[in-house]
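Peer 1: Everything below, folded, please.
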Amino acid sequence: MNDAPIEVSPVELKSILDAGQQVRLIDCRESYEHAICRIEGAELIPMRLIPQYLPDLALEARPVVVYCHHGVRSLSVVDWLRRQGVVNCQSMAGGIDLWTTLVDPAVPRY
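Peer 2: Numbering: from 1, shown residues only. Just a heads-up that it's a prediction; the model follows:
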C-alpha cells in the first residue's frame, strides 16, 4: 500500500474487508457522530487526537484507512500522516455518507 493512491473508494474498501485482508480502520469523526453511525470494526480516534497516536500509527504493520463524514477530514488526516512518514494509509473517499449510499444502506445517514 506504500504507493497506493491517497484515497480508496468505499466499494474498494468493502472488497478488501470482504477478502479478509487486515486493515486498521479509523473513524476520525467526533464521538457524537460515531454514536449516530459507524462502520463495524472501526476504531474511533477523533481528528484532533490523531497526533497523539502518531507513534502507534507509525509502527502499524497493517494498512490504515481513515474515514469521516464526507471524506474531507480524513483526507486531511491522511495527508498529515503521510507527511509524518506514515505511508501505508489512505482516506475513504466520500466518507461514511458515501459508504451508506454505495455499500451499506443500513448505516444511518445524517
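Peer 1: The nearest residue to Arg29 once chain neighbours are set aside and Thr100, how far apart?
Peer 2: For Arg29, ignoring the flanking residues on the chain, the nearest one in space by C-beta to C-beta, 6 or more residues apart in numbering is Cys68 at 5.1 Å. Where C-beta positions appear, they are placed from N, C-alpha and C, glycine not excepted. Between Cys68 and Thr100 the computed distance is 13 Å (C-beta to C-beta, to the nearest Å).
Peer 1: So between the two, which is more surrounded?
Peer 2: Using other C-beta atoms under 10 Å, the more surrounded residue of Cys68 and Thr100 is Cys68, with 25 against 19.
Peer 1: Look up how far Ala106 lies from the more buried one.
Peer 2: Separation of Cys68 from Ala106 (C-beta to C-beta) stands at 19 Å.
Peer 1: you'd agree Gly85 is in a strand?
Peer 2: No: with DSSP: H, G, I helix; E, B strand; the rest coil as the criterion, Gly85 is located in coil rather than a strand.
Peer 1: Can you check the pLDDT for it?
Peer 2: Listed pLDDT for Gly85 reads 96.
Peer 1: what residue is smack in the middle of the protein?
Peer 2: With distances taken as C-alpha atoms, centre = their mean, Val66 lies nearest the centre of the chain, 1.7 Å away.
Peer 1: ok, it - contacts?
Peer 2: Counting by C-beta atoms under 8 Å, 6 or more residues apart in numbering, Val66 touches Ile26, Asp27, Cys28, Ser74, Val77, Val78, Leu81, Cys89, Gln90, Ser91, Met92.
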